[in-house]
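# Any chance you could fold what I've pasted below:
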Amino acid sequence: MVTERKLKILLMWMSVLAMLLIPEFARTQTPLSSYMYLTNFEHTRMERDIIWFWTPDTMFGSVHSNDFIGMKWSPTFYGQVSTTQDRFIFFQANPFFEFRPHFGVPLLNFPDPPEFVGDDGVRIGENDGGMQYRLVMENEFGSIYEWRQGIPFSDELEAIEQYFWEDLDWLYFDSPLEMYGTIDGVATVGSSHNIMLLDNLLYAASEPDFGRFEEEDCDDMLGLISEQNIIIANTIANGRDGGFNDRNRNFETHSIVINGALAAFGESLTFEDQNDEWDRRQGPSPDKRGTIYLKGSLAQFRRGYVHRSNHQGTGYYRTFFHDSRLIDNPPPLFPNVERGDIIGGGSDLVLNAEGSPYNVVGAGTYNNITATAGTVIVLSDSLALTCSGELRLFGTEDNPVIIRRSDPDNFHGYPGLILSTCDTTYISHLQLEDGISLGGLLESGSGVIESCEISNRINISHFNDFEFRDCTFRDTVEVGNGEHPDGIQRVSFLDCEFGNSIGVNSSCPTIEISNCEISENIEINTYTTEVIISHSNIGESLKINQFVPRLLIEDSQVRGSDFSIYSGNTQINNCDIWGDITMRVAIAWINGCDFGGRDFSVSGFDGVEINDCEIQGTMLFSDGTSAFITEGEFRRSVRFNDVMDIEIQVSEIQSGISIQNANSSIINGSLIGEGIDYSSGMDLLSELTVDNNTIYNSVIAGLMVSEVNWFTANNNIFFNNQAGIFVEVCHQDYSTNYNCSFSNTDGHYLGIIHGHFDFVADPMFVNPEGRDFNLMPESPCIDAGNPASSLDPDGTRADVGALPYDHSLSVENEAIIANDFSVSTSPNPFNNRTTISFTSRTAGIAEVDIYDLNGRMISSLLREVSRGANNLPLSGHEIGGTGMYFLRIRCDNQSRIVRIIYLP
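Prediction:
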């Protein structure tokens with residue numbers, strides 16, 4: 001029944017439980033009863049015999065010992081088994097474990113017995129009074145019997161007192177105690193001497209045969225505390241004289257059922273009359289007395305015998321169940337157990353915030369280490385914490401895992417946490433304090449380090465796959481030291497900050513650097529299969545000194561004075577590179593980049609494509625097979641030496657083009673300041689094509705040809721040069737036609753005869769001094785190109801020069817376009833799909849026409865548009881093949897031409 005006192009105790013423990021659920025509240029102690037089975041020492045006191053767990057033992061709950069646990073034959077454990085030591089002691093053992101045992105766990109400091117003082121209980125007897133007592137629990141109360149030591153108990157004795165459990169928390173006997181019975185209440189019974197169990201100790205809510213009960217329905221609780229031993233008496237009820245062998249197997253004549261939390265602070269839980277040869281009383285052979293059925297918990301300072309091999313087997317089997325209520329709700333006065341030092345060196349180390357701080361003493365070497373958020377580890381007398389298996393330190397932003405030293409001055413130079421022997425590493429939000437650093441050599445098999453600050457220099461070596469996320473590195477990071485040439489598979493740095501440099505000095509298939517800030521350099525000095533750098537800022541130089549077969553750099557900035565790479569398949573996209581550029585590449589695609597150095601050199605290549613880039617310095621291509629430039633803007637000269645095939649499309653080059661020793665050169669649709677200087681030497685296959693360019697301000701000639709096999713020049717404007725075209729040697733044939741020449745001081749055609757349709761006239765640029773070489777409506781170059789050439793994007797005959805004039809624009813419309821009608825495409829360049837964005841003043845139909853570089857219409861599309869902002873999708877399938885095109889959109893008496901690039 002639920003009494004007022006029981007209800008008060010229940011409410012008190014609910015309050016405690018509520019405190020435990022507050023995140024800021026961390027328990028530093030654990031109730032002694034939170035372990036189903038807890039032992040300080042596993043061996044006997046005198047003979048130091050090992051006491052085994054053996055086949056008849058079945059444990060349902062957590063088992064822990066500060067000593068070596070002995071295993072014999074086949075015991076069964078349905079709960080976590082742990083020991084402070086590094087191993088078990090086995091004898092022909094094959095135990096069953098539901099969970100993998102933990103070794104090397106923190107020492108649990110076995111507490112002193114509590115003091116039974118105060119008004120909440122009753123003290124009975126005197127330590128030297130010569131009396132002994134029996135407690136018979138009779139549901140709601142307990143009856144106390146008293147008689148003199150050395151005299152047998154008499155059934156004729158009457159109880160000297162009866163105590164109701166609702167009136168007290170505890171009873172303490174300063175004398176030997178016998179007890180049995182059933183309790184309907186909550187109390188702790190203590191004794192300064194041995195406690196002898198004459199028969200079952202039961203809760204009123206439990207069934208009598210095995211002591212089982214539904215924990216949520218039970219409000220009974222018994223604590224049993226002896227300052228010496230708790231002894232199972234050799235009584236008929238407990239199986240005296242081999243009661244378990246009784247054919248009737250009557251529970252009244254064998255076994256013992258115990259409900260409660262038991263603690264033997266002086267010695268152990270054991271049994272009477274063990275049939276040792278020196279015992280005066282000898283039982284039968286065998287003397288099997290049944291099973292100890294415990295539903296509760298057991299804590300003992302030293303493990304005691306409950307079964308012996310004497311007389312072919314003497315004592316009890318064990319079936320223990322943990323009462324989970326005892327984890328957070330122990331009986332009155334039940335003490336706590338404190339975590340002590342971690343005795344360094346073990347198999348498994350499992351740590352948490354509740355047991356913190358943990359003091360590591362000794363080697364600090366484990367097979368596996370796990371620590372959860374809020375764990376604090378103090379290296380008290382240990383050089384470093386390390387493991388050979390799994391290292392898992394899972395902190396959070398608010399509750400990191402902390403490792404520090406208690407005496408950092410005595411361990412100067414020792415890192416404190418070593419990963420070099422770990423097979424797998426997972427670290428998140430680790431905080432290193434008071435002289436602790438990460439071991440300089442990282443050789444883990446694989447893993448992740450996240451949200452950590454690493455202050456010392458580290459060397460990453462011999463990894464399968466390792467990833468750093470959101471980490472801060474204060475010193476140099478090296479990948480590989482040459483000792484394991486095939487050891488590293490992949491290293492990734494994601495969202496990291498580097499206060500120094502990154503160096504790669506050992507072979508590694510993949511290096512990934514994404515969304516990182518690197519204060520100094522990245523330098524790769526050994527063969528690396530793949531390097532990926534994205535969305536990162538490099539404060540100084542990027543140097544790839546050894547060949548990298550695959551290189552991707554995108555959306556990144558390199559602010560130093562040197563950008564040098566040696567690579568195979570290379571992609572550089574949307575980057576801002578400040579320093580001088582040196583590239584030795586096999587194949588390269590460079591898109592949407594700004595290069596700010598004084599020199600840009602590309603050599604030894606099979607193919608290079610540069611698209612939509614702005615290049616400030618002098619550009620040199622040498623010893624290559626194919627170079628293709630489109631949509632580029634070059635502030636200084638572009639030079640080609642010994643490049644077989646060259647193509648320049650729709651670019652602006654302000655300081656001239658120089659071509660030496662090429663097979664095929666095509667220059668089309670470009671603005672070229674300071675002219676073209678061309679010489680193929682004696683190459684009989686050399687061919688030069690110069691079409692639809694505007695070439696201006698050359699101090700020698702707009703097109704200077706020193707030696708060529710044959711060449712053509714059509715639809716070009718040569719403006720304000722020393723000479724228009726100057727040819728010294730042409731071995732075969734040439735063709736110039738439909739070119740406009742004007743203001744070339746030494747003549748328009750030197751060394752050749754101009755074509756029949758070449759003409760001399762002012763091209764009438766909009767603003768040549770400001771380098772606006774668009775044609776004015778009155779320009780003679782409009783519709784004056786070769787009729788055989790492709791039409792302009794507006795569908796009319798080809799114009800002369802680099803920038804075609806759009807006939808659909810009147811003077812008034814041009815003002816409208818300049819002020820109101822703008823067209824953009826995004827992305828551009830694109831792979832599969834782009835979006836055309838513009839604003840229309842009215843709803844209606846928009847015409848979208850696509851032209852190739854030769855002026856041929858590829859497709860014509862009609863799209864409905866609304867008033868205001870419009871976004872029209874354009875698929876690559878509507879264009880055809882990849883390449884560069886002109887897109888003209890006409891809407892609401894307005895027209896605009898933009899260039900688009902369709903990438904493979």
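# which stretch of helix or strand covers A713?
Assigned by DSSP states H and E, A713 belongs to strand 710-714.
# Run the chain-centre distance for that strand.
The chain centre lies 60 Å from the centre of strand 710-714; the measure is C-alpha atoms, centre = their mean, to the nearest Å.
# buried residues in it?
W710, F711, T712, A713, N714 (16 or more other C-beta atoms under 10 Å). No exception for glycine: its C-beta is placed from N, CA and C like everyone else's.
# Nearest residue to D217 in space, ignoring adjacent ones along the chain?
Counting by C-beta to C-beta, 6 or more residues apart in numbering, D217 lies nearest to A205, which is 6.4 Å off, once chain neighbours are set aside.
# So E433 sits against P400, correct?
No. In this structure, E433 is not within contact of P400 by C-beta atoms under 8 Å, at 10.0 Å.
# And the helices in the chain, which stretches?
4-20, 811-819 (DSSP state H).
# Confidence-wise, which of those helices is weakest overall?
Mean pLDDT is lowest for helix 811-819 out of the helices of the chain, coming in at a mean of 37.
# hang on, the earlier thing: could you tell me how far the residue nearest to D217 is located from F251?
18 Å (C-beta to C-beta, to the nearest Å).
# Pull the contacting residues for E633.
Listed by C-beta atoms under 8 Å, 6 or more residues apart in numbering, the contact set of E633 reads C613, E614, I615, S651, E652.
# try V189
Taking C-beta under 8 Å, 6+ apart, one finds L135, W170, L171, Y172, F173, L177, M179, I195, L222, G223, L224, I225 in contact with V189.
# Flag the shaky bits of the stretch 651-800 of the chain, pLDDT-wise.
For the stretch 651-800 of the chain, the stretches with pLDDT under 70 are 681-684.
# quick one: strands adjacent to the strand holding A713?
Strands that pair with strand 710-714, judged by DSSP bridges, come out as strand 687-691 (parallel), strand 734-737 (parallel).
# thinking again about what came up before, switch the buried residues of strand 710-714 over to a markdown table; also include distance to S822.
Listed next are these as a markdown table, based on distance: C-beta to C-beta, whole Å:
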| residue | distance to S822 |
| --- | --- |
| W710 | 43 |
| F711 | 39 |
| T712 | 37 |
| A713 | 35 |
| N714 | 32 |
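# and of the residues you listed, the nearest to E47?
F711 (108.3 Å; C-beta to C-beta).
# can you dump the C-alpha coordinates of the strand holding A713 into CSV?
Taking C-alpha atoms only, strand 710-714 is exported to CSV below (Å, rounded to 0.1, in the frame of the first residue of the first chain):
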residue,chain,number,x,y,z
TRP,A,710,49.8,30.8,-97.3
PHE,A,711,47.4,33.1,-95.6
THR,A,712,44.1,34.9,-95.9
ALA,A,713,42.8,38.1,-94.5
ASN,A,714,39.2,39.1,-94.9
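# does K72 really touch I89, like I thought?
No. With contact defined as C-beta under 8 Å, K72 does not reach I89; the gap is 9.1 Å.
# which of these two has more neighbours?
K72 (19 against 16; other C-beta atoms under 10 Å).
# Can you tell me the closest non-neighbouring residue to the more buried one?
W52 is the one closest to K72 (C-beta to C-beta, 6+ apart), at 3.8 Å.
# So that neighbour is in contact with F68, correct?
No. Using C-beta under 8 Å, W52 is not in contact with F68, being 11.3 Å away.
# out of these two, which sits in the busier spot?
Per other C-beta under 10 Å, whichever of W52 and F68 has more neighbours is W52, with 20 against 16.
# which residues does the more buried one form a beta bridge with?
Beta bridges link W52 to G70, judged by DSSP bridges.
# Now for it: which residues touch it?
G70, M71, K72, F91.
# Could you check how far the third one is from H102?
When C-beta to C-beta is the yardstick, K72 and H102 sit 21 Å from each other.
# do the same with the second one
Summarising the geometry, the distance separating M71 from H102, computed by C-beta to C-beta, is 15 Å.
# Tell me which residue is most central in the chain.
V448 (4.6 Å; C-alpha atoms, centre = their mean).
# Residues in a beta bridge with C740, which ones?
Beta bridges link C740 to I717, F759, judged by DSSP bridges.
# any idea how far it is from D691?
Distance, C740 to D691, by C-beta to C-beta: 13 Å.
# ok so, going back, which one of M71 and H102 has more residues nearby?
M71 (23 against 20).
# how about the more buried one, what does it touch?
Counting by C-beta under 8 Å, 6+ apart, M71 has contacts W52, F53, F88, I89, F90, F91, A93, P95.
# Leaving out the residues flanking it, which one is nearest to it?
Closest to M71 by C-beta to C-beta, 6+ apart is A93, at 3.9 Å.
# measure the residue sitting furthest away from the middle of the chain to Y145 for me?
The centre of the chain is farthest from one residue, E156, which by C-alpha atoms, centre = their mean lies 75.3 Å away. When distance is defined by C-beta to C-beta, E156 is 11 Å away from Y145.
# now the strands paired with strand 710-714 as JSON lines including mean neighbour count and distance to G785?
As requested, those are exported to JSON lines (neighbours: other C-beta atoms under 10 Å; distance: least, C-beta to C-beta, whole Å):
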{"stretch": "strand 687-691", "mean neighbour count": "22", "distance to G785": "9"}
{"stretch": "strand 734-737", "mean neighbour count": "18", "distance to G785": "9"}
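# Mind putting those into CSV with distance to I124?
As requested, the strands paired with strand 710-714 are exported to CSV (distance: least, C-beta to C-beta, whole Å):
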stretch, distance to I124
strand 687-691, 116
strand 734-737, 126
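# right, and the ones you listed - which one's nearest I513?
strand 687-691 (42.1 Å).
# Would you pull up how far that closest one lies from the middle of the chain?
On C-alpha atoms, centre = their mean, the centre of strand 687-691 falls 55 Å from the chain's centre.
# for stretch 401-421, same thing?
23 Å.
# what's in contact with it?
So stretch 401-421 is contacted by 359, 371-380, 383-388, 391, 393-395, 425, 427, 429-444, 456 (C-beta under 8 Å, 6+ apart).
# Just the buried residues of it, please?
Within stretch 401-421, the residues that count as buried by 16+ other C-beta under 10 Å are 401-406, 411, 414-420.
# what's near enough to touch I230?
I230 sits in contact with N194, I195, L197, L224, L262, A264, S268, L269, T270, Q300, where contact means C-beta under 8 Å, 6+ apart.
# hey, what's E707 bridged with?
Residues in beta-bridge contact with E707 (DSSP bridges): S679.
# next one: E647
Counting by DSSP bridges, E647 is bridged to F628, I666.
# per-residue pLDDT, it?
Looking at E647, its pLDDT is 97.
# Please tell me how far it sits from D49.
From E647 to D49 the distance is 92 Å (C-beta to C-beta).
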